[in-house]
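Visitor: After the sequence you'll find the predicted model.
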There are 2 protein chains.
Amino acid sequence: MPLIVQKFGGSSVADVDKIRRCAERTLEERRRGHGVVVVVSAMGKTTDSLIVLANEANASPSRREMDMLLSTGEQVTIALMAMVLETMGQAAVSFTGGQIGMETDESFSKAAICAVNVERLRTALAAGKVAVVAGFQGVTPEGDITTLGRGGSDTTAVAVAAALKADRCDIFTDVDGVYTADPRIVPDARRLKTISYEAMLEMASLGAKVMHDRSVKFGAMYKMPIHVRHSHRPDEGTIICGEDEQMEKMEITGVALKQNLGRVTLTSVPDSPGVAARVFAGLADANITVDDIIQTVTGDGKATMSFTVEQADLADIRPVLDRLLKEIGGGQPRIDEGFCKVSAVGVGIRSHAASAAVMFRALAEAGVNIANITTSEIKISAIIGKADGEKALRAVHGAFGLGSEQEGIIKRD
Amino acid sequence: MPLIVQKFGGSSVADVDKIRRCAERTLEERRRGHGVVVVVSAMGKTTDSLIVLANEANASPSRREMDMLLSTGEQVTIALMAMVLETMGQAAVSFTGGQIGMETDESFSKAAICAVNVERLRTALAAGKVAVVAGFQGVTPEGDITTLGRGGSDTTAVAVAAALKADRCDIFTDVDGVYTADPRIVPDARRLKTISYEAMLEMASLGAKVMHDRSVKFGAMYKMPIHVRHSHRPDEGTIICGEDEQMEKMEITGVALKQNLGRVTLTSVPDSPGVAARVFAGLADANITVDDIIQTVTGDGKATMSFTVEQADLADIRPVLDRLLKEIGGGQPRIDEGFCKVSAVGVGIRSHAASAAVMFRALAEAGVNIANITTSEIKISAIIGKADGEKALRAVHGAFGLGSEQEGIIKRD
């Protein structure tokens, strides 16, 4: 019997009526003769309300107790989903993370999955039941409840699908798939039928908020096709799969825009081994997330180091930099605000050096000045002024011919 | 180190401020050098809200899913309580029923406790932590979450106290102890310093709503002193303990009033072995709770059987009776509404036959007509018309001299 794992996010299960609509998607698969495991998040704003309660109790609650608290959200949803399925004549049984042996390490609030024991799930499925599993949560070997952090329920779904060797993992969400660009910014953005795990990871890290990268990495590791679909629309969505399984091969998959970046430039830092390592280790210790890094050597035994950070982290960065530069024996910091990053992603980047030229020409024609450039195997990014972000995204999207040509929409502004 | 188990009910932990006040009671015991385990219920109306959600999902939800849902209520409270204790400088760690091995049978929604594995509790206590335990919930050997039904959190507290061989189990509630009578009806009712398990069981079954009888039975079984105290008042409360440990010996412990009773009389039923068993088994099958039973033999091979039931059960009882009388081969049913029961409880009942005379004289002087009389080792009950209930309670309370004489309150109306 083919086996499908379906995951419904918080906004899809925000109330009992919405849970009922999700349950209909489950019944569709059952009618096709498929076994189904359903993974659900906490209902709507439940997690937020629990966080408010926690903050009333303790300004800095322990992570273990926070996980104990937050994991109740998903537990409520699984019980209600199982109850709803029963009213529709479908036998169902709910399981907490602990009950399906979703074993994690002890990193409360951002635990990593170590193992999944699918015995109880297999028994339920063999009995013709739909198994309803709490997303986002696991349990340590000692029996403490953990949560998986951001994107946790997606990760649960992919991990359960991988452990059960399911045929597919459907992620139902409030968007109907992965687009060549954010359709709110680029009106002729087109939905992708398929995207490779690698391209999806780049798109996710570049600001496309469809899926958290952890679950995509899990999918890639276990070669589990992930089907991103809208909860309440019959659209086909987007299948995230291996490059070799993609039906449509695209040189450039899509373009992405990451907003609210600041840029730090360190000039005249000593050009000696270990300097970069000490700088970035120091930033990590201060909980500052560094995005792209560029280093150039000026030839006089000194180097220039530049990197982008979240705008929000700029406020705290100056004393950290001063301390680090003193440690490494010199250098001047310069901090600039008001950047964003436009990127093109796709396998075409690695095979065609010309892609970079296409992108830079498009930006030039749109009058966009480029502050920094970084590239990887399958992406090119340009750091630009924040006022130019949306214009640049549309220009690059158009230049790569990603728009819905069949609909004849005029590209670029 | 002396060990205390403290239990706080739902109204005592209805919000974070109230949880903080409960935590202060915990710190008082810690400052005295006591180890403390805290057992909590769900916050205020949480359980009611979850039941509303469940009914939206399914008009008759499975008991397993209901327990999965309801057990989240206590899980929220334990996390918050642990967080609050930490802000007060007291290390704390929370545990679900499953995490402390509160093993039950599989009777979802009214599970019976089979075993408690206190290893994790002992480890936490040895580390100087307060252990915060979710009341009302357990786990089957297979790992399914169960709830213990009415009075469940009290039962958890007494069971944990017994398993840990604690020195005392404090039940904090919204009354400040056990009284000689309901103080809302009998103004000069006096708080008892101690009451025996047996007398408390009689008082509970007779309508004194301080503690559910299950937890008192547990206390009696394991000889665990149960201290009933008000959550937010420093009063001494009442200690429920073995008769031999009572500090004040009272012939009559208290009087109780049970309202809303109906009476069923079955006349001319065959006086042969097994008849009563069949009647009451049939009533139990129909989920009708039978209170007192009286049977008299009329001498012609026929018997008269009389029993009281909750007024609410009268509506459904007629067809059940007709069927049962047919089965046993004869008898006429008579159903009367509008009764209540006034009872006196205490060890004096068994040693002094005179107690009955005192009670009946008091009722006669108050102009109360007695419909039925039943007695046990330590109680005398009179079934009377419902309009006479409160007057009768005050009369009997006064006749046994239970009032607060030192305060000179005039007894009886």
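Guide: Received it, and whenever you're ready, just let me know what you need.
Visitor: Excluding chain neighbours, what is closest to A:M221?
Guide: What sits nearest to A:M221 in space, not counting adjacent residues and going by C-beta to C-beta, 6 or more residues apart in numbering or on different chains, is A:A162, at 7.7 Å. Every C-beta, even on glycine, is put in place using the N, C-alpha and C of the backbone.
Visitor: how near is the one you found to A:V37?
Guide: 12 Å (C-beta to C-beta, to the nearest Å).
Visitor: Which one's more surrounded, these two?
Guide: A:V37 (27 against 20; other C-beta atoms under 10 Å in any protein chain shown).
Visitor: quick one: is the strand or helix carrying that one near chain B?
Guide: A:V37 is part of strand A:35-40, with elements assigned from DSSP states H and E. No - judged by C-beta under 8 Å from any C-beta of the partner chain, strand A:35-40 stays clear of chain B, getting no closer than 12.5 Å.
Visitor: again, but for stretch A:54-63
Guide: Yes - judged by C-beta under 8 Å from any C-beta, stretch A:54-63 comes into contact with chain B at A:54, A:56-59, A:61-62.
Visitor: Quick one: mean pLDDT for the strand ranked longest in chain A?
Guide: If you go by DSSP state E, chain A has its longest strand at strand A:254-270. On average, the pLDDT along strand A:254-270 is 90.
Visitor: Next secondary structure after that strand?
Guide: Following strand A:254-270 in sequence, per DSSP H and E, is helix A:275-285.
Visitor: neighbouring contacts of that following helix?
Guide: A:266, A:269, A:290, A:293, A:295, A:303, A:305, A:309, A:317, A:320, A:323-324, A:327-328 (C-beta atoms under 8 Å, 6 or more residues apart in numbering or on different chains).
Visitor: what are the ranges of the helices in the stretch 1-150 of chain A?
Guide: Remark: helices assigned in the stretch 1-150 of chain A by DSSP state H, counting those that start in this stretch are A:16-31, A:46-57, A:63-87, A:119-126.
Visitor: Export the shortest one to PDB, keeping only CA atoms.
Guide: The C-alpha coordinates for helix A:119-126 follow below in PDB (Å, rounded to 0.1, in the frame of the first residue of the first chain):
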ATOM      1  CA  GLU A 119       6.700   0.500  15.300                       C
ATOM      2  CA  ARG A 120       3.500   2.000  16.800                       C
ATOM      3  CA  LEU A 121       2.900   3.900  13.500                       C
ATOM      4  CA  ARG A 122       3.200   0.700  11.500                       C
ATOM      5  CA  THR A 123       0.800  -1.100  13.800                       C
ATOM      6  CA  ALA A 124      -1.800   1.700  13.500                       C
ATOM      7  CA  LEU A 125      -1.400   1.800   9.700                       C
ATOM      8  CA  ALA A 126      -1.700  -2.000   9.400                       C
END
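Visitor: How far does that helix sit from its chain's centre?
Guide: Between the centre of helix A:119-126 and the centre of its chain there are 30 Å (C-alpha atoms, centre = their mean, to the nearest Å).
Visitor: just the angle between it and strand A:35-40, please?
Guide: Angular relation of helix A:119-126 and strand A:35-40 on a 0 to 180 degree scale: 130 degrees, by axes from the mean of the first three to the mean of the last three C-alpha atoms, to 10 degrees.
Visitor: on contacts alone, who are the packing partners of helix A:119-126?
Guide: Judged by 3 or more C-beta pairs under 8 Å, 6 or more residues apart in numbering or on different chains; DSSP states H and E, helix A:119-126 is in contact with strand A:35-40, strand A:92-95, strand A:130-134.
Visitor: same question for it, mean pLDDT?
Guide: When pLDDT is averaged over helix A:119-126, the result is 96.
Visitor: One more: the second one?
Guide: For helix A:46-57, the mean pLDDT works out to 95.
Visitor: list the buried ones in that helix?
Guide: Neighbour-count burial for helix A:46-57 flags A:46-47, A:50, A:53-54, A:56-57 (criterion: 16 or more other C-beta atoms under 10 Å in any protein chain shown).
Visitor: near chain B, which residues of chain A show up?
Guide: Going by C-beta under 8 Å from any C-beta, the residues of chain A near chain B are A:16, A:19, A:50, A:53-54, A:56-59, A:61-62, A:64-66, A:68-69, A:71-72, A:75-76, A:78-80, A:82-84, A:86-87, A:93-94, A:96, A:98-99, A:120, A:143-145.
Visitor: Show me which pair in the residues of stretch A:54-63 next to chain B is furthest apart.
Guide: Using C-beta to C-beta, the residues of stretch A:54-63 next to chain B span at most 15.3 Å, a distance reached by A:E56 and A:S62.
Visitor: what's A:T87 in contact with, if anything?
Guide: B:57-59.
Visitor: Also near chain A: which of those, exactly?
Guide: B:57-59.
Visitor: can you list the residues that contact the strand holding A:V37?
Guide: Residues outside strand A:35-40 that contact it (C-beta under 8 Å, 6+ apart) are A:1-8, A:13, A:22, A:26, A:29-30, A:74, A:77-78, A:81, A:121, A:125, A:130-135, A:153, A:156-157, A:160-161, A:164, A:166.
Visitor: For it, the averaged confidence score.
Guide: Per-residue pLDDT over strand A:35-40 has a mean of 98.
Visitor: Tell me the strands beside that strand, with direction?
Guide: strand A:3-8 (parallel), strand A:130-134 (parallel) (DSSP bridges).
Visitor: Report the inter-axis angle for the first one versus helix A:16-31.
Guide: An angle of 170 degrees separates the directions of strand A:3-8 and helix A:16-31 when computed by the same axes, to 10 degrees.
Visitor: before we move on, what about the last one?
Guide: Strand A:130-134 and helix A:16-31 are oriented at 130 degrees to each other (the same axes, to 10 degrees).
Visitor: ok so, going back, where is pLDDT lowest across the contacts of helix A:275-285?
Guide: A:Q295 (76).
Visitor: part of a helix, is that residue?
Guide: No - membership of A:Q295 in a helix is not supported by DSSP: H, G, I helix; E, B strand; the rest coil, which gives strand.
Visitor: show me what contacts it?
Guide: With C-beta under 8 Å, 6+ apart, A:Q295 has these contacts: A:276, A:303-306.
Visitor: quick one: which of those is nearest chain B?
Guide: Of all the contacts of A:Q295, chain B sits closest to A:A276, with 39.6 Å by C-beta to the nearest C-beta.
Visitor: Give me whichever of the helices of the stretch 1-150 of chain A is most buried.
Guide: helix A:63-87 (a mean of 26; mean count of other C-beta atoms under 10 Å in any protein chain shown).
Visitor: could the helices of the stretch 1-150 of chain A be laid out in a markdown table, adding distance to A:A387?
Guide: Shown next, in a markdown table, are the helices of the stretch 1-150 of chain A (distance: least, C-beta to C-beta, whole Å):
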| stretch | distance to A:A387 |
| --- | --- |
| helix A:16-31 | 39 |
| helix A:46-57 | 32 |
| helix A:63-87 | 39 |
| helix A:119-126 | 51 |
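Visitor: Please read off the pLDDT at A:E202 from the model.
Guide: 85.
Visitor: contacting residues around A:G385?
Guide: Contacts of A:G385 (C-beta under 8 Å, 6+ apart): A:338-340, A:368-369, A:371.
Visitor: What's opposite it in the beta bridge?
Guide: With DSSP bridges as the rule, A:G385 is bridged to A:F339.
Visitor: Return the distance of it relative to A:P333.
Guide: For A:G385, the distance to A:P333 - C-beta to C-beta - is 20 Å.
Visitor: Next up, phi/psi of the residue at the greatest distance from the centre of chain A, please.
Guide: Using C-alpha atoms, centre = their mean, the residue of chain A lying farthest from its centre is A:D300. It sits 41.7 Å away. Dihedral pair for A:D300: phi -100, psi 30, per degrees, to the nearest 10.
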